[in-house]
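Engineer: the following block contains a protein sequence and its predicted model.
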Amino acid sequence: MRVFPVGQSSVASYGRRAVLAALLTAAAVLPASAAPVTFYFQGEVTAVDDADDVLHGIIHVGEVFTGTYVFESTTPDINIAPGVGVYRESAPPAGIRFGIGQYGGLFQTDPSNVAQVIEVDDGPLVDRYFYGSFFNLAHGPGEFVDGIFIELFDNTATAFNSEALPLTPPDLALFTQSRLQIDGHGFTTDFGTPLYQIHAKLRSLRDLPPDTDPIPAPEPGTLTLLLTGGLGLVARRRALKRVGVLILLLLGTAGLAPASAAPITRAVDTLGIQLDDYTKAAFNNTALPLTPPDLAFFTQSVGLRIEGHEGPSQESAPRYAVRGRLTSLRLVGDPAPEPLPAPEPGTLLLMVTGGMGLAARVVAARRG
């Protein structure tokens, strides 16, 4: 036991210290505020095992897909064994969501019945990261999804140094295997329950969308404003010598624009919109709707798809597909135009600086 010396003001001093220590201890034991974490992934289908034709051939090897999964940052480890962390969640926003296939159907966690597990194995021989979603919405009529799994394996056991829940995406370069798998089944008949599996390789796992560049390169127009603004700042000193430099720099900036590539002929083969309601409550007859169907009645409103090819002929031509999610469906009218977005502060500053540079050049030329 530590013995404290008693002095003239020691009682009050130690009293204040005790209160401060109690406050710090209370703050330390308070749980951190929960925050949803989103990981973005991109993958490519490597195999489709569907001997019973549950998926009707709508998913093919080579198709590339993107998606997300969400988990809470403060999810506790329910496993007491050292070296293995198990993090289980049973409520939204936890879940996974992505689309593969010809008709843009979704593979996604059932938000009304979430059963999600993340497991981190920091083992002596193998490091492993596992994600699993065990209750999911049907991909389509008769296309039930039993499990969606992501697994990363590191046979060198160097990817992790603890079993803590990673709040930043694991680096795929540290793993010898990175895969996604979907297990599902079709309608049960007298002949049994047809099963299917989809296998894919993960291409990326990030905390930003795959097509997001955190540090975009400056556009030629922005670079022009930057150079013009810089010239404006030296306008008063080099008014007579600057005009020729200004023209050369602007021409040089224009030359920075990428050269126009050869025109590519793209043809659109099919356009389609599909809305799916697996509760069968959206319609009460087969009549043609004369008013837009309410998207709130549909469990999936992602059926906007464009398919086409490049080149003059469809035979052995490169194919492309665009898949989108509908956010609204309404009658044609005259909706109020959306306001133009305000320019970003950096762009606005460059515009103002460029304008000041041009004005300074004119004033200096007149004085000269």
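Structural biologist: Looks like it came in fine.

Engineer: what is the least confident helix or strand in the protein?
Structural biologist: One helix or strand of the chain scores below all others by mean pLDDT, DSSP states H and E: helix 239-256, with a mean of 39.

Engineer: for the closest residue to I78 other than its chain neighbours, what are phi and psi?
Structural biologist: Leaving aside its chain neighbours, I78 sits nearest to V86 (5.2 Å; criterion: Cβ to Cβ, 6 or more residues apart in numbering). (C-beta placed from N, C-alpha, C; glycine too.) Note on V86: backbone dihedrals following degrees, to the nearest 10 are phi -120, psi 120.

Engineer: mind giving me the packing neighbours of the longest strand seen in the chain?
Structural biologist: In the chain, assigned by DSSP state E, the strand with the most residues is strand 36-49. On a contact count with 3 or more Cβ pairs under 8 Å, 6 or more residues apart in numbering; DSSP states H and E, strand 36-49 meets strand 64-72, strand 195-206.

Engineer: quick one: buried residues of it?
Structural biologist: Using 16 or more other Cβ atoms under 10 Å as the test for burial, strand 36-49 gives V37, F39, Y40, F41, Q42, G43, V45, V48.

Engineer: and stretch 285-296, by the same measure?
Structural biologist: Residues of stretch 285-296 classed as buried by neighbour count (16+ other Cβ under 10 Å): L295.

Engineer: end to end on it, go ahead and measure it.
Structural biologist: Taking Cα to Cα, to the nearest Å as the measure, stretch 285-296 stretches 18 Å from start to finish.

Engineer: what sits up against that stretch?
Structural biologist: Here stretch 285-296 makes contact (Cβ atoms under 8 Å, 6 or more residues apart in numbering) with L275, A282, F283, S301, L326, T327, S328, L329, R330, L331.

Engineer: how about the second one, what does it touch?
Structural biologist: To tie it back to what came earlier, the one meant is A282. Residues near A282 by Cβ under 8 Å, 6+ apart: L275, P293, D294, F297, F298.

Engineer: and it, helix, strand or coil?
Structural biologist: Following DSSP: H, G, I helix; E, B strand; the rest coil, the label given to A282 is coil.

Engineer: where do the helices of the stretch 101-250 of the chain begin and end?
Structural biologist: 220-233, 239-256 (DSSP state H, counting those that start in this stretch).

Engineer: re earlier: closest one of the contacts of stretch 285-296 to N136?
Structural biologist: Using Cβ to Cβ, S301 is the member of these that lies nearest N136, at 17.5 Å.

Engineer: what's the pLDDT at the closest one?
Structural biologist: On the pLDDT scale, S301 is placed at 47.

Engineer: before we move on, what about F135?
Structural biologist: Reported pLDDT for F135: 97.

Engineer: and for the one 4 residues further on?
Structural biologist: According to the per-residue confidence, H139 scores 82 in pLDDT.

Engineer: tally of neighbours for it?
Structural biologist: If you count neighbours by other Cβ atoms under 10 Å, H139 ends up with 27.

Engineer: which residue is the nearest non-sequential neighbour of it?
Structural biologist: G105 (4.9 Å).

Engineer: what of L174?
Structural biologist: A159 (4.2 Å).

Engineer: next: R97.
Structural biologist: Q108 (4.2 Å).

Engineer: that neighbour and F135 touch, don't they?
Structural biologist: No. The pair Q108 and F135 does not pass the contact test of Cβ atoms under 8 Å, sitting 10.7 Å apart.

Engineer: the more surrounded of these two?
Structural biologist: Of the pair Q108 and F135, Q108 is the one with more neighbours under other Cβ under 10 Å, namely 24 against 17.
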